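Colleague: What would the 3D arrangement of this be:
(one chain, ligands or ions: 2)
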Amino acid sequence: MAEIVVAESVESDAGVAEGELKSRAARKRRMDLRKLRTAFNGIQKKMRRAESNESQPPGERMCPGYGMTSMCGRRKEMEDAVSILPRFCPKLGYHFFAVFDGHGCSHVAVSCKNRMHELVAVELESASAAGDDGEWKGLMERSFFNMESELLNQSGGADGVECKINCKCQPQSINCDYVGSTAVVAVLTPEKLIVANCGDSRALLCRGGVPTPLSIDHKPDRPDELQRIHEAGGRVIYWDGARVLGVLAMSRAIGDNLLKPYVISEPEVTVTERMEDDEFLILASDGLWDVVSNKMACEVVRVCLRDNRSKKTIAVAAETESNANATNNVVEIDEWNNKQGGSNKACRDAAFLLTKLAMARLSSDNVSVVVVDLRTGSCSSNSNSSSSSSSSSLLEL
Ligand SMILES: [Mn+2]
Ligand SMILES: [Zn+2]
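Modeller: Ligands and ions are numbered 1, 2, ... in the order given. Below you'll find the predicted structure:
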């Protein structure tokens with residue numbers, strides 16, 4: 001600002017009559033620039049507030065854009081379940097996303113869908129500060145343990161099974177011990193992305209265009225899992241792929257009482273610091289991952305989200321062309337950056353496209369996909385700096 005003032009006084013001191021018009025025009029340009037800069041500063045401040053969510057009570061924080069598809073596909077029964085709960089823990093304002101892939105029957109997956117977020121919220125509320133990574137690990141492990149304990153209590157012990165959910169296995173009590181579900185659970189905080197996984201569903205982060213898995217599938221032939229099963233006295237038999245005792249094609253699951261202690265429900269937990277170049281998160285059941293690679297899934301979602309963004313950018317450009325008033329342009333950008341989170345068309349399209357791709361590639365399983373656009377809604381403090389720097393570079397243009 002000081003620079004501009006100095007420049008103005010120098011020019012008016014020159015006082016050349018012919019230059020009068022020129023300098024008036026220059027002054028007007030500077031005034032416009034100053035207005036624009038003031039407008040940008042205001043918007044930057046607003047963006048930072050919205051993104052850090054500091055001004056909002058945790059219970060009202062914006063959720064990133066998300067979309068999901070869950071399809072029975074070529075299977076007879078639908079045994080997948082999806083759970084999405086923005087602000088599931090009102091005290092902290094964190095967001096919850098999960099995919100549960102049931103086997104034997106849907107009741108374990110459905111119970112997980114109904115209860116897992118509540119169990120995680122109870123743990124979060126009782127934890128004094130869910131800040132450090134070790135605490136997150138314990139917290140998620142306890143939630144999974146409690147989830148399974150509830151299922152065991154439901155199945156009434158020696159008297160047989162008493163499922164609370166109406167399901168196909170209810171009359172045949174013995175089968176219920178062969179019923180289970182995978183669980184891939186993601187908790188999103190303004191700074192971190194926590195993933196707890198048990199089974200062969202998968203969480204994949206796209207960071208700067210690079211597919212970054214946040215979970216490793218629990219398959220019986222994964223060397224460390226194979227060793228664990230052997231040490232527990234179990235065996236992995238190859239019967240249409242590697243299976244625990246020749247039965248289950250995954251080495252961890254919630255439920256599956258008859259395969260204990262070889263099949264365990266303890267999740268593996270990753271805590272990932274959110275970065276400015278985090279693009280989106282995909283959670284999906286093996287119905288997708290069996291036929292679509294991490295790389296391809298990332299590419300498909302990128303195109304969907306980019307298409308949506310570029311449409312918006314074109315709209316902004318058209319608006320600018322027809323209306324030379326720069327301030328209007330700024331308002332458009334402001335709206336674009338602050339667009340509300342929540343269920344979002346681009347993410348829904350991306351999830352649907354991935355599901356269709358799995359079908360086209362002859363997936364024989366249920367397919368469930370959740371896509372979360374990490375560039376919308378709540379952002380980390382890291383991305384605050386990036387948004388302000390990108391605004392400044394806009395200003396320099
Ligand atoms: Mn499956
Ligand atoms: Zn059942």
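
Colleague: The residue in the stretch 251-397 of the chain that ligand 2 sits nearest to: what's it in contact with?
Modeller: Taking Cβ to the ion, ligand 2 has its nearest neighbour within the stretch 251-397 of the chain at Gly255, 9.8 Å off. C-beta: built from backbone N, CA, C; applies to glycine. Neighbouring residues of Gly255 by Cβ atoms under 8 Å, 6 or more residues apart in numbering: Gly104, Val108, Glu148, Leu151, Val179, Gly180, Ser181, Ser265.

Colleague: host element of the fourth one?
Modeller: Element membership of Leu151 [criterion: DSSP states H and E] is helix 133-154.

Colleague: how distant is that helix from the center of its chain?
Modeller: Put simply, helix 133-154 sits 21 Å off its chain's centre (Cα atoms, centre = their mean, to the nearest Å).

Colleague: for stretch 362-379, same thing?
Modeller: Stretch 362-379 sits 7 Å away from the centroid of its parent chain (Cα atoms, centre = their mean).

Colleague: Give the buried residues for it.
Modeller: 363, 365-379 (16 or more other Cβ atoms under 10 Å).

Colleague: does ligand 1 sit close to that stretch?
Modeller: Yes: applying Cβ under 5 Å from the ion, one finds that stretch 362-379 is in contact with ligand 1 at Asp365.

Colleague: So for that stretch, mean pLDDT?
Modeller: Across stretch 362-379, the average pLDDT comes to 88.

Colleague: ok, now stretch 81-90?
Modeller: For stretch 81-90, the mean per-residue pLDDT is 93.

Colleague: buried sites along that stretch?
Modeller: Across stretch 81-90, burial judged by 16+ other Cβ under 10 Å covers Ala81, Val82, Ser83, Ile84, Leu85, Pro86, Arg87, Phe88, Cys89.

Colleague: The fourth one contacts Val370, doesn't it?
Modeller: Yes: under the contact definition of Cβ atoms under 8 Å, Ile84 touches Val370, with a separation of 6.6 Å.

Colleague: Identify the contacts common to the two.
Modeller: Tyr66, Met68, Phe97, Ala98.

Colleague: Export those to a markdown table and append columns for pLDDT and secondary structure.
Modeller: Output for the shared contacts of Ile84 and Val370, formatted as a markdown table (pLDDT from 0 to 100; DSSP: H, G, I helix; E, B strand; the rest coil):
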| residue | pLDDT | secondary structure |
| --- | --- | --- |
| Tyr66 | 96 | strand |
| Met68 | 96 | strand |
| Phe97 | 98 | strand |
| Ala98 | 98 | strand |
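
Colleague: can you name the two of these that are farthest apart?
Modeller: Tyr66 and Ala98 (11.9 Å; Cβ to Cβ).

Colleague: Find residues that contact each of the two.
Modeller: Residues touching both Tyr66 and Ala98 by Cβ under 8 Å, 6+ apart: Ile84, Val370.

Colleague: who's more crowded, these two?
Modeller: Just comparing Tyr66 and Ala98: by other Cβ atoms under 10 Å the higher neighbour count belongs to Tyr66, 28 against 25.

Colleague: burial measure for Phe144, as a count.
Modeller: Quick note: Phe144 (other Cβ under 10 Å) scores 25 neighbours.

Colleague: Return the distance of it relative to Cys105.
Modeller: 19 Å (Cβ to Cβ, to the nearest Å).

Colleague: just Ala360 next, same as before
Modeller: From Ala360 to Cys105 the distance is 28 Å (Cβ to Cβ).

Colleague: Quick check: pLDDT value at the nearest residue to Asp365 once chain neighbours are set aside.
Modeller: Closest residue to Asp365 apart from its sequence neighbours, by Cβ to Cβ, 6 or more residues apart in numbering: Gly287 at 3.6 Å. Gly287 is assigned a pLDDT of 98 by the prediction.

Colleague: pretty sure Gly287 is touching Ser368, no?
Modeller: Yes: assessed by Cβ under 8 Å, Gly287 is found in contact with Ser368 at 6.9 Å.

Colleague: Let me see the contact set for the closest residue to ligand 1 within the stretch 51-200 of the chain.
Modeller: Sorted by distance to ligand 1 under Cβ to the ion, the residues of the stretch 51-200 of the chain start with Asp101, at 4.3 Å. By Cβ under 8 Å, 6+ apart, the contact set of Asp101 is 79-80, 109, 181-182, 199-201, 285-287, 366, 368.

Colleague: Where strands are concerned, which of these count?
Modeller: Among the contacts of Asp101, the members falling in strands (DSSP state E) are Asp80, Ser181, Ser368.

Colleague: could I get those as JSON lines with distance to ligand 2?
Modeller: Below are these laid out as JSON lines (distance: Cβ to the ion, whole Å):
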{"residue": "Asp80", "distance to ligand 2": "14"}
{"residue": "Ser181", "distance to ligand 2": "11"}
{"residue": "Ser368", "distance to ligand 2": "18"}
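
Colleague: burial of the nearest residue to Ile254 once chain neighbours are set aside, as a residue count?
Modeller: Of all residues not flanking Ile254 in the chain, Ser265 sits nearest, at 4.6 Å (Cβ to Cβ, 6+ apart). By other Cβ under 10 Å, 22 other residues sit near Ser265.

Colleague: So Ser265 sits against Ala253, correct?
Modeller: Yes: between Ser265 and Ala253 there is a contact at 6.7 Å, judged by Cβ under 8 Å.

Colleague: anything in contact with each of these two?
Modeller: In contact with both Ser265 and Ala253: Cys198, using Cβ under 8 Å, 6+ apart.
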